[in-house]
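Chemist: Can you look at this prediction? I've put the sequence above it.
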Number of protein chains: 2
Amino acid sequence: MMTMHLCLSTQIKHLRRWRQAFPNGHIADSAKEFSATGPPTLLWLHSIDPDESRIDKSIFAIRAILPETKIVVISNTPSQQEALLALNSGAAGYCHAQASPSFLQQVATVVTNGGLWIGSELMSRILAATEQLQTSEPNHLTLAQLTPREQEVALAVGRGISNKEVAQELAITERTVKAHLGSIFEKLEVRDRLQLAILLSRDTLPEDPTQSHTYSAFPG
Amino acid sequence: MMTMHLCLSTQIKHLRRWRQAFPNGHIADSAKEFSATGPPTLLWLHSIDPDESRIDKSIFAIRAILPETKIVVISNTPSQQEALLALNSGAAGYCHAQASPSFLQQVATVVTNGGLWIGSELMSRILAATEQLQTSEPNHLTLAQLTPREQEVALAVGRGISNKEVAQELAITERTVKAHLGSIFEKLEVRDRLQLAILLSRDTLPEDPTQSHTYSAFPG
DNA sequence: AAAAAAATTGTACGAAGGTACTAGGGGGGC
DNA sequence: GCCCCCCTAGTACCTTCGTACAATTTTTTT
């Protein structure tokens, strides 16, 4: 079962990586001419300017001609908006046009096997958003898991200062700061001080009331 | 590259289809005994009663022992709640335990290629609900000072990932990531990645830092 | 009083982060 | 042509971080 790759693009110079990934792949301007010579297994749609050409229109047009063909959008300027738009329109994948050849090949493998490929940022955002609608109890609970001293350390680190500076501030040794941090990481299930700061900044910031209605879309 | 399949289940009678799909796969009660004989490539976790055993606990436990192993949850009583729970806990797939052997094999193919398998209903639901959520724009004043590539790096670091992970994501070397970060620190007048993350989190929508390699897949 | 939890500090070491110096290719402006 | 910026990347070096073995003292709980 030979996979035929076809890439629709008007900016061939930006397809160096794709060419490397699929040396036998075709590149064209329009999908029409290829509907006769046998439909491609996988169609790569190159999005150059997300503002100019609405990607959903292109996807719908292609699916009308080639209903069996999987569509992967590769974008020079990837954005989560465009990704969601593409996926909602029926695309099976969305990734950076300048991704490495091996990366592109992996996307191809997943998609040809009936998969759908989404960027990690978007995916984690989606999962994070959907998680909240079932377990909405963040804020105070985070710091409440910690002992008083651990809270002090956590808040200090959350301000972006080093272990040495925290030690000075709390009048303890750097080693003790590290000890507190160790148990903080464990309790809050974060990898390091960076993720701790992110976690804290999320929970200490006021919530945006405009986003509450989005979650109601999941009844269960 | 032989794939080793291991299925954890206490209800072997319900695994007829799985056995057909992977005749050479192993079935066991616990993952521990297998950590010695070489870790399995793909671990199928059989969820019999979603109310009784919280699937997330099992997944975390397995990931602690077998960090490299991909986990697919197969459930006798699939639900979207359980699916979300499983995926958020780090599972790479979720499907019906009584799915056809060829279906299970397809799931295996996608997941072993770095994909994440989600049911199509759940996925479309997620996409629909998340579409309008993508509105808030990050911190223009801050990010506008950076070049496009620097912005990508900054946002990635703002999600709490390491230089190595950023490098993988942007398909560049770790050294280049460091180079970008150097100029980012200078431009935004921050000391390190920690202060950068804090600066970004002031105006950027926070995300879940636990997942770094999530890609999604479902059957069209 | 005994047990448990919290707070403190030590040494040592590998991993990760950040910087200094360097440098080549590409693109745009002068 | 030249200059400057952007993106890329290599080696080297030092710092910081996180955690592995600890241990001691104080406070709280049972």
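Modeler: Right, received. Where do you want to start? Numbering: from 1, shown residues only, chains lettered A, B, ... in the order given.
Chemist: Please count neighbours and contacts with C-alpha atoms only from this point.
Modeler: Will do.
Chemist: hang on, A:Trp18 packs against A:Pro101?
Modeler: Yes - counting by CA atoms under 8 Å, A:Trp18 does reach A:Pro101; the two are 6.1 Å apart.
Chemist: These two: which is more packed in?
Modeler: Neighbours around A:Trp18 and A:Pro101, counted as other CA atoms under 10 Å in any protein chain shown, are more numerous at A:Trp18. The numbers are 23 against 18.
Chemist: State the mean pLDDT of the helix or strand containing the more buried one.
Modeler: Element membership of A:Trp18 [criterion: DSSP states H and E] is helix A:16-21. On average, the pLDDT along helix A:16-21 is 82.
Chemist: do stretch A:116-136 as well
Modeler: The model assigns stretch A:116-136 a mean pLDDT of 57.
Chemist: same check, this time on stretch A:144-153
Modeler: Average pLDDT, stretch A:144-153: 90.
Chemist: That stretch near DNA strand D anywhere?
Modeler: No - on the criterion CA under 7 Å from any atom of the strand, stretch A:144-153 is out of touch with DNA strand D, staying 10.7 Å away.
Chemist: how long is that stretch end to end?
Modeler: End-to-end span of stretch A:144-153 (CA to CA, to the nearest Å): 13 Å.
Chemist: Next up, phi/psi of the residue of chain A most remote from its centre, please.
Modeler: Within chain A, the residue lying farthest from the chain centre (CA atoms, centre = their mean) is A:Ala171, at 41.6 Å. Dihedral pair for A:Ala171: phi 60, psi 50, per degrees, to the nearest 10.
Chemist: okay, it: pLDDT?
Modeler: We have a pLDDT of 92 for A:Ala171.
Chemist: Check A:Pro39 too.
Modeler: pLDDT recorded at A:Pro39 is 76.
Chemist: tally of neighbours for it?
Modeler: For A:Pro39, the neighbour count with other CA under 10 Å is 20.
Chemist: where along chain A do the helices fall?
Modeler: Remark: helices assigned in chain A by DSSP state H are A:16-21, A:32-36, A:55-65, A:80-88, A:101-112, A:120-132, A:139-144, A:148-158, A:163-170, A:174-188, A:193-204.
Chemist: Dump those to TSV, plus distance to A:Met4.
Modeler: As requested, the helices of chain A are exported to TSV (distance: least, CA to CA, whole Å):
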stretch	distance to A:Met4
helix A:16-21	13
helix A:32-36	11
helix A:55-65	16
helix A:80-88	21
helix A:101-112	10
helix A:120-132	26
helix A:139-144	51
helix A:148-158	51
helix A:163-170	55
helix A:174-188	48
helix A:193-204	43
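Chemist: Looking at the residue nearest to A:His26 when sequence neighbours are not counted now. What's its pLDDT?
Modeler: In this structure, A:His26 finds its nearest non-sequential neighbour in A:Leu6, 4.7 Å apart by CA to CA, 6 or more residues apart in numbering or on different chains. Reported pLDDT at A:Leu6 in the predicted model: 84.
Chemist: residues contacting A:Leu6?
Modeler: Neighbour list for A:Leu6: A:25-28, A:40, A:42-44 [criterion: CA atoms under 8 Å, 6 or more residues apart in numbering or on different chains].
Chemist: The same query, at a cut-off of 7 Å, please.
Modeler: A:25-27, A:40, A:42-44 (CA atoms under 7 Å, 6 or more residues apart in numbering or on different chains).
Chemist: any weak-confidence spans in chain A?
Modeler: Across chain A, the ranges flagged by pLDDT under 70 are A:1-2, A:30-37, A:49-53, A:80, A:114-115, A:119-141, A:202-220.
Chemist: Enumerate the residues of it near DNA strand C.
Modeler: Residues of chain A lying close to DNA strand C (CA under 7 Å from any atom of the strand) are A:147-150, A:171-180.
Chemist: and of the residues you listed, the nearest to A:His14?
Modeler: A:His14 lies nearest to A:Lys178 out of the residues of chain A next to DNA strand C, by CA to CA, at 47.4 Å.
Chemist: Excluding sequence neighbours, find me the nearest residue to the closest one.
Modeler: Using CA to CA, 6+ apart and skipping residues adjacent in sequence, the residue nearest A:Lys178 is A:Asn163, 7.2 Å away.
Chemist: Next, count neighbours for A:Gln98.
Modeler: Per other CA under 10 Å, the neighbour tally for A:Gln98 reads 19.
Chemist: A:Arg193 now?
Modeler: A:Arg193 - counted by other CA under 10 Å - has 22 other residues nearby.
Chemist: what's the domain layout of chain A?
Modeler: The record's domain parsing of chain A by automatic domain parsing lists A:5-119, A:139-205.
Chemist: Which of those sits closest to B:Ile48?
Modeler: Across the domains of chain A, B:Ile48 has its closest neighbour in domain A:5-119 (25.6 Å, CA to CA).
Chemist: Now do the closest one: distance to the chain's middle.
Modeler: Relative to its chain's centre, domain A:5-119 lies at 17 Å (CA atoms, centre = their mean, to the nearest Å).
Chemist: Against A:Gly90, how distant is A:Ile59?
Modeler: As judged by CA to CA, A:Ile59 and A:Gly90 stand 7 Å apart.
Chemist: Looking at these two, which is more packed in?
Modeler: It is A:Ile59, of A:Ile59 and A:Gly90, that has more neighbours when counted by other CA under 10 Å, with 21 against 18.
Chemist: related to what we said a few turns ago, the residue nearest to A:Lys178 against A:Thr173, yeah?
Modeler: No - here A:Asn163 does not reach A:Thr173: they are 9.1 Å apart, not a contact under CA atoms under 7 Å.
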